[in-house]
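>>> Just to be clear, the model below is a prediction. Sequence and coordinates:
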Amino acid sequence: MKKSVRGKISPVQLAVLQRILEEKNSDSTKKVIWHAEF
Amino acid sequence: MEINPIIKEVTTDCNLRCKYCFFAKQERKRERVNAETLKTIVSKICECNPDNQEIIFYWHGGEPLLAGIDFYEQAVELQQRFKKSDQKIRNGLETNATLLNSEWADFFGKTGFEIGVSLDGPREYHDEYRCYPNGRGSFNDVMKGIRVLKDNEIKFSVIAVVNKRSVLAPEKIFRFFSSNEISDFVNLVPALGIETGHGLSFECSVEPASYIDFLIKVFDLWMKTDRSELRILPLESIVRAFLGFYQEDCRFTGECRKSIVIEYNGDIFACNTYGYGDFFKFGSIEDGMETILNPQKSPKYQNYLNFLKKIKTNCFKCKWYGICKGGCPGWYYLGGGKNILCQDFKRLFGYIQKNLERYQLV
């Protein structure tokens, strides 16, 4: 099976994966606190 | 240099006594950052960052709301006074949410503070560990605080500690966060060793293998959800790493030098994942960041950089290095030089890779 280019939008049916692919490197991924703390 | 300060002890005081807290075994002081130290912190941090840098101030405690709204009003005013014209300032605040009210919500709404709330899941899992000094669970009050945030349209993330009980209930934990629509962002962090002031205690901690088993089950549930907006960390960070996307999760970026911890008195430490041993204490904010974090001028900082380099020596050969970049150095510290999560994270990476291969994404 031919592999897709890394990060290219594939016909993914899973909502979460589709969202991550579409967001990719958009600013919305940076507007949250990513700190690994509690 | 780019430095995002974690003002860890806005106040060391807290109204809760969570059993796995860093301070659980230590005497709690009611110390707070005073006005002069606050001014020094803000001015030095702005000064050391590049002209066009986005700087994130993380406000932690203890419970940071105990410092009072006027403290943060002053901080914001100082940030505006000392920031360079092209610098952009962000503020993050991590709270147990029990003291939130409409005044706080107004302030957060006006200033754009990004809020993180500590909530471990349903009451039975939360109240076991997150309790008041008299042993009463804090779940009801946390949920009231969350209601205040929601009513005022303040967005927030959740940090859920995976504890000894919840690690056995991945489905209940996932369903709680996905069905209640509490937040779109949930960070599932393991309860690991507690800094006691004299060493580490593991009495409340989860086994690394159990934590990874938990994450694998949550991953399967997450993949099946139709709530596409739900971000579950560290799983989302790992997926993003496989896809080669921008990564800010400090567990997988391979460096923690952009963040430092500043205590209430201005003492500067490496990330407190390590605890507060002298080895990780670099100096005081009074001495200026360029002195403290300059390897040429600071032997203590140079020792720390050597430590970071040394612990990851074997990682460069690993097939998963591109995903985790060696992981969090704190995990090596907790393991006495051996990364306590390494073997089990490899299992998780393999599992996620197989799933992504099914969709021809890797």
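In hand now; what should we look at? Numbering: from 1, shown residues only, chains lettered A, B, ... in the order given.

>>> give me the low-pLDDT residue ranges for the stretch 251-362 of chain B?
Where the stretch 251-362 of chain B drops to pLDDT under 70, the residues are B:257, B:272-277.

>>> Which stretches in it count as strands?
For the stretch 251-362 of chain B, the strands defined by DSSP state E, counting those that start in this stretch occupy B:259-262, B:267-269, B:281-284.

>>> do the same with the stretch 1-150 of chain B
With DSSP E, counting those that start in this stretch as the criterion, the stretch 1-150 of chain B has strands at B:4-7, B:54-59, B:88-95, B:114-118.

>>> Residue B:321: which of the ones you listed is closest?
Nearest of those to residue B:321, taken as C-beta to C-beta: strand B:4-7 at 24.6 Å. Using the backbone N, CA and C atoms, a C-beta is placed for each residue, glycine as well.

>>> List the contacts of the residue of chain A found nearest chain B.
Here the residue of chain A nearest chain B is residue A:15; by C-beta to the nearest C-beta that distance is 3.6 Å. By C-beta atoms under 8 Å, 6 or more residues apart in numbering or on different chains, the contact set of residue A:15 is B:225-228.

>>> Equivalent analysis for residue B:119, please.
Contacts for residue B:119 (C-beta under 8 Å, 6+ apart) come out as B:97, B:126, B:142, B:146, B:158-160, B:182.

>>> Of the residues you listed, which are in range of chain A?
Restricting the contacts of residue B:119 to those near chain A by C-beta under 8 Å from any C-beta of the partner chain leaves residue B:159.

>>> nearest to chain A, of the contacts of residue B:119?
The nearest member of the contacts of residue B:119 to chain A, counting by C-beta to the nearest C-beta, is residue B:159 at 4.9 Å.

>>> which stretch of helix or strand covers that closest one?
strand B:156-162 (DSSP states H and E).

>>> Which helix or strand lies directly C-terminal to that strand?
Once strand B:156-162 ends, the next helix or strand along the chain (criterion: DSSP H and E) is helix B:170-179.

>>> Show residues contacting that next one.
When contacts are defined by C-beta under 8 Å, 6+ apart, helix B:170-179 is touched by residues B:121-122, B:125, B:158, B:160, B:162, B:166, B:182-183, B:186, B:188, B:214-215, B:217-218, B:221-222, B:225, B:227, B:230, B:232.

>>> and chain A, which of the contacts of residue A:15 contact it?
Contacts with chain A within these, counted by C-beta under 8 Å from any C-beta: B:225-228.

>>> With neighbour count added, can I get the residues you listed in a markdown table?
Below are the ones next to chain A among the contacts of residue A:15 laid out as a markdown table (neighbours: other C-beta atoms under 10 Å in any protein chain shown):
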| residue | neighbour count |
| --- | --- |
| B:225 | 17 |
| B:226 | 9 |
| B:227 | 14 |
| B:228 | 16 |
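
>>> How confident was the prediction at residue 38?
Since you didn't name a chain, this refers to chain A. At residue A:38, the model reports a pLDDT of 40.

>>> Wait, chain B was what I had in mind.
For residue B:38, pLDDT reads 94.

>>> Can you name the residues that contact it?
Residue B:38 makes contacts with B:71, B:74-75, B:78, as judged by C-beta under 8 Å, 6+ apart.

>>> Closest to chain A out of these?
Taking C-beta to the nearest C-beta as the measure, chain A sits nearest to residue B:75 out of the contacts of residue B:38, at 16.7 Å.

>>> Wait, that closest one touches residue B:57, no?
Yes: between residue B:75 and residue B:57 a contact is recorded at 7.2 Å, counting by C-beta atoms under 8 Å.

>>> The strands of the stretch 251-362 of chain B: which one's closest to residue B:347?
Among these, strand B:259-262 sits nearest to residue B:347 (C-beta to C-beta), with 27.9 Å.

>>> low-confidence ranges in chain A?
Per-residue confidence for chain A (pLDDT under 70) gives these ranges: A:1-12, A:25-38.

>>> Can you give me the separation between the closest residue to chain A within the stretch 101-250 of chain B and residue B:128?
The nearest approach of the stretch 101-250 of chain B to chain A comes at residue B:228, 3.6 Å away (C-beta to the nearest C-beta). Taken as C-beta to C-beta, to the nearest Å, the spacing of residue B:228 relative to residue B:128 amounts to 32 Å.

>>> same check, this time on residue B:74
To residue B:128, residue B:74 is 37 Å away according to C-beta to C-beta.

>>> Could you do residue B:55 as well?
Per C-beta to C-beta, residue B:55 is found 37 Å from residue B:128.

>>> Looking at these two, which is more packed in?
residue B:55 (22 against 17; other C-beta atoms under 10 Å in any protein chain shown).

>>> Quick check: that one vs residue A:20, distance?
Note on residue B:55: its distance to residue A:20, by C-beta to C-beta, is 27 Å.

>>> about what we covered before: what do residue B:75 and residue B:57 both touch?
The contact sets of residue B:75 and residue B:57 overlap at B:42, B:91 (C-beta under 8 Å, 6+ apart).

>>> What's the local residue count around residue B:323?
22.

>>> wait, doesn't it sit right on residue B:242?
Yes: the pair residue B:323 / residue B:242 is scored as a contact, 6.4 Å apart, by C-beta under 8 Å.

>>> For the closest residue to residue B:271 other than its chain neighbours, grab the count of nearby residues.
Leaving aside its sequence neighbours, residue B:271 sits nearest to residue B:256 (C-beta to C-beta, 6 or more residues apart in numbering or on different chains; 5.2 Å). Residue B:256 has 18 neighbours, counted by other C-beta under 10 Å.
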